[in-house]
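Asker: Quick one: sequence plus predicted model below, questions after.
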Amino acid sequence: MKARLPLLALALVAVALVVAPLGLQRYGTYILTLWLVTSIAAMGVNLIVGYAGQETLAQAAFLGIGAYTTALLTGAGVPFGLAFLASGALAFCVGILIGFPALRVRKHYLAFVTLAFTVLVWLVIRNEQWLTGGVMGMNVRRPGLGEINLRNHQNFYWFVLAITAALSFALWWIVRSPWGRAFTALRENALRAESLGVDVRLYTLLAFAIGCAYGGFAGALFAPLVGFIDPAPFALAPSLLFLLMVVVGGAGSFAGPFVGAAVAVLLPEWLRFAQGHYLIIYALLVIVMMAFCPSGIVGLVRRLVALRPKPSTADAPAAPAKEAA
Amino acid sequence: MASVLEVRNLSKRFGGITAVDDVSFDVHEGEILGLIGPNGSGKSTLFNCILGQLAPSAGEVRVDGHGVTGLRPSELNRRGVSRTFQLLQVFPKLTVRENLILAGQEHQGRMLARLFGKRDAGLTAQADRMIAFFRLSHLAEETAGSLSYGQQKLLDAAMAFMAGPRLVLLDEPAGGVNLTMLASLKERLHAINAEENATFVVIEHNMEFVMSLCSRILVLAEGRIIAEGAPEAVRRDPRVIEAYLGH
Ligand SMILES: Nc1ncnc2c1ncn2[C@@H]1O[C@H](COP(=O)(O)OP(=O)(O)OP(=O)(O)O)[C@@H](O)[C@H]1O
Ligand SMILES: [Mg+2]
């Protein structure tokens, strides 16, 4: 019973997500797709920050790496599938390259290194006009998928939804595997983990690089979604926003990034009347969240659910449903 | 008797302080060696140097005849050397069983097999045996953070034994553990020592405990070994009494 309830909820959410665009206008479907893409990148940040306890201020830069890789490759005639994989792979490798020296030094160097890296990527995108079009940006064509026309916004939504589902499953698998246990261990007590044979440096690097790859994948979907990319979405501020998203949603909980991304994508829509002030409202929201509920919106919901009196608390060994993190 | 651990001329300096000063000793296969000495005599620092937690300023460490100086703690652990820390170190948000599975998983298979293989790395049965052995069975599903201090201390020790180590270094396993649990801990340690032929080095301030647990005692004072021998002989050694009373 206890284990079936979340499964049922998950099935309901899945059905709702599949049918959602049927009741939406073009713009609504676009926002929903943007939410999925943002969630993928936020999932990566959650792995790095929430599960492994590291820092990253570079997720938007990895989004940019993925977006421009996909734009350039598909522009040169490479099939989208390959460009998508290449975007994730490149982000993974770059993650290893910048994570390796940072982790040799000390934990917090990852924050500094990713900060510098974000600025570097942004400058490269802006200045290397011959490659990226600079501030003039570049157009991106939506891919075709055999018979299916992805220029249709509903089809593209379903396409992104399928990829989001696959990437969510992959991440769920990782955090439930012994790798996930090792990530949790190095977040909780790296010293002890190392003494128990956990190669802290390797696992940290893996968590970081996999998280970066999710940024790359998200970028590969972002480019054809918006159809035109320029340096702005890949700067430092959006990187910070990704971090805040995960914090607001609930770092270290699986649903956290989805909730956080929803807030980040929908809030500016809802607060359209507030125009430029939405960032202030967002910032206030973050501060309030941190003060009263550091485990994010997901944590808040869990607390509210736990407050409800339960008929029998100690029934059935809830072993399979119990999450480690 | 073969030496499991050989320490040669090991020194560790922190700025002006020489915490470990030219220490050499052997640990023989199957023995339980006690390491005692006043506060600040360098016992924990010695452990940390042996285990790669700290880089020694000078000297050499060999395990089973192979030089291990400069290896990282995780590498040493996978070669069969495990430890506990002086301060309690468990993973409070993982369950007792998860703590033990974690302590064993890196000794199972390869990196990729740990990603695609079983979630428990095939260790649930072994973890439950270890839990039962340390009489924590009723707590297997509890998060480690919700256990009492003494119970966490037992879990901490159990984690060190999870991977069937050849050599275990225990830093004050009895600290904060009550008398009944202490007797139980001693009995458990003796049993593992006999059944698994594991070799122990135990740092301890509780003289009763250490004298009845160990077959040989090493005494450290101001970073140097000042006495060594059977528990009874060490207890009567005037240099030892002087070291403990003279400060
Ligand atoms: N990381 C460090 N940096 C500087 N000095 C240190 C460090 N670690 C230990 N020391 C010093 O080294 C000396 C030995 O400390 P150590 O912790 O090894 O003693 P100990 O024998 O384990 O004592 P206790 O019985 O109190 O645990 C002390 O003078 C301590 O201040
Ligand atoms: Mg000590």
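Answerer: Nice, I can see it. What you see is a predicted model; the values in this text were computed from it and never measured. Residues are numbered from 1 along each chain as shown, chains lettered A, B, ... in the order given. Ligands and ions are numbered 1, 2, ... in the order given.

Asker: Low-confidence ranges, the stretch 1-150 of chain A, go.
Answerer: A:1-3, A:105-107 (pLDDT under 70).

Asker: Who are the contact partners of residue A:260?
Answerer: With contact taken as C-beta atoms under 8 Å, 6 or more residues apart in numbering or on different chains, residue A:260 is in contact with A:42, A:244, A:245, A:246, A:247, A:248, A:249, A:250, A:296, A:297. (C-beta placed from N, C-alpha, C; glycine too.)

Asker: Among those residues, which are located in helices?
Answerer: Using DSSP state H, the subset of the contacts of residue A:260 located in helices is A:42, A:244, A:245, A:246, A:247, A:248, A:249, A:296, A:297.

Asker: In TSV, list those along with distance to chain B.
Answerer: Converted to TSV, the ones in helices among the contacts of residue A:260 look like this (distance: C-beta to the nearest C-beta, whole Å):
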residue	distance to chain B
A:42	22
A:244	23
A:245	23
A:246	18
A:247	18
A:248	21
A:249	19
A:296	16
A:297	20
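
Asker: Now for those, which sits with the most neighbours around it?
Answerer: Counting neighbours by other C-beta atoms under 10 Å in any protein chain shown, residue A:42 leads those with 33 neighbours.

Asker: and chain B, which residues reach ligand 1?
Answerer: Counting by C-beta under 6 Å from any ligand atom, chain B comes close to ligand 1 at B:14, B:17, B:19, B:37, B:39, B:40, B:41, B:42, B:43, B:44, B:45, B:86.

Asker: Among the residues you listed, which lie within helices?
Answerer: Among the residues of chain B next to ligand 1, the members falling in helices are B:43, B:44, B:45 (criterion: DSSP H).

Asker: Let me know the closest of those residues to ligand 2.
Answerer: Using C-beta to the ion, residue B:44 comes nearest to ligand 2 of these, at 3.1 Å.

Asker: next structured bit after the host helix or strand of residue A:36?
Answerer: Here residue A:36, judged by DSSP states H and E, is contained in helix A:26-45. The helix or strand immediately downstream of helix A:26-45 is helix A:59-75, counting by DSSP H and E.

Asker: Now that following helix - C-alpha only, CSV.
Answerer: Extracted C-alpha coordinates of helix A:59-75, given in CSV (Å, rounded to 0.1, in the frame of the first residue of the first chain):
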residue,chain,number,x,y,z
GLN,A,59,25.3,24.9,-15.2
ALA,A,60,24.2,27.6,-17.7
ALA,A,61,27.7,27.4,-19.3
PHE,A,62,27.2,23.7,-19.8
LEU,A,63,23.7,24.4,-21.2
GLY,A,64,25.5,26.7,-23.6
ILE,A,65,28.1,24.1,-24.6
GLY,A,66,25.2,21.7,-25.4
ALA,A,67,23.2,24.3,-27.2
TYR,A,68,26.0,25.5,-29.5
THR,A,69,27.3,22.0,-30.1
THR,A,70,23.9,20.9,-31.2
ALA,A,71,23.4,24.1,-33.3
LEU,A,72,26.7,23.8,-35.0
LEU,A,73,26.5,20.1,-35.6
THR,A,74,22.9,20.0,-36.9
GLY,A,75,23.7,23.1,-39.0
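
Asker: tell me which residues of that helix are tucked away?
Answerer: A:59-74 (16 or more other C-beta atoms under 10 Å in any protein chain shown).

Asker: After it, which helix or strand is next?
Answerer: Per DSSP H and E, helix A:59-75 leads on to helix A:80-105 as the next helix or strand towards the C-terminus.

Asker: So which bits of that following helix are buried?
Answerer: For helix A:80-105, the neighbour count (16+ other C-beta under 10 Å) marks A:80, A:83-84, A:86-88, A:90-92, A:94-95, A:98-99, A:102-103 as buried.

Asker: Would you point out the most distant pair within the residues you listed?
Answerer: Using C-beta to C-beta, the buried residues of helix A:80-105 reach their maximum pairwise distance at A:80 and A:103, which is 33.4 Å.

Asker: and of the ones in helices among the residues of chain B next to ligand 1, the nearest to chain A?
Answerer: Closest approach to chain A among these (C-beta to the nearest C-beta): residue B:44, at 12.9 Å.

Asker: How much space separates residue A:79 from ligand 1?
Answerer: Distance of residue A:79 to ligand 1, computed by C-beta to the nearest ligand atom, to the nearest Å: 56 Å.

Asker: In contact with that residue: list those residues for me.
Answerer: Applying C-beta under 8 Å, 6+ apart, we find residue A:79 in contact with residue A:143.

Asker: Could you list the residues of chain B in contact with ligand 2?
Answerer: Chain B comes close to ligand 2 at residues B:44, B:86, as judged by C-beta under 5 Å from the ion.

Asker: and the lowest-mean-pLDDT helix or strand in chain B, how far from the chain's centre?
Answerer: One helix or strand of chain B scores below all others by mean pLDDT, DSSP states H and E: helix B:238-245, with a mean of 84. Relative to its parent chain, helix B:238-245 has a centroid offset of 25 Å by C-alpha atoms, centre = their mean, to the nearest Å.

Asker: What segments of the chain are helices?
Answerer: No chain was given, so I picked chain A. Using DSSP H, helices in chain A cover A:4-19, A:26-45, A:59-75, A:80-105, A:109-127, A:129-132, A:153-176, A:178-195, A:200-226, A:236-249, A:256-270, A:278-292, A:296-307.

Asker: Not quite, go with chain B.
Answerer: So, for chain B - with DSSP H - the helices run B:43-50, B:73-78, B:96-105, B:111-116, B:124-133, B:149-161, B:179-195, B:207-213, B:231-236, B:238-245.
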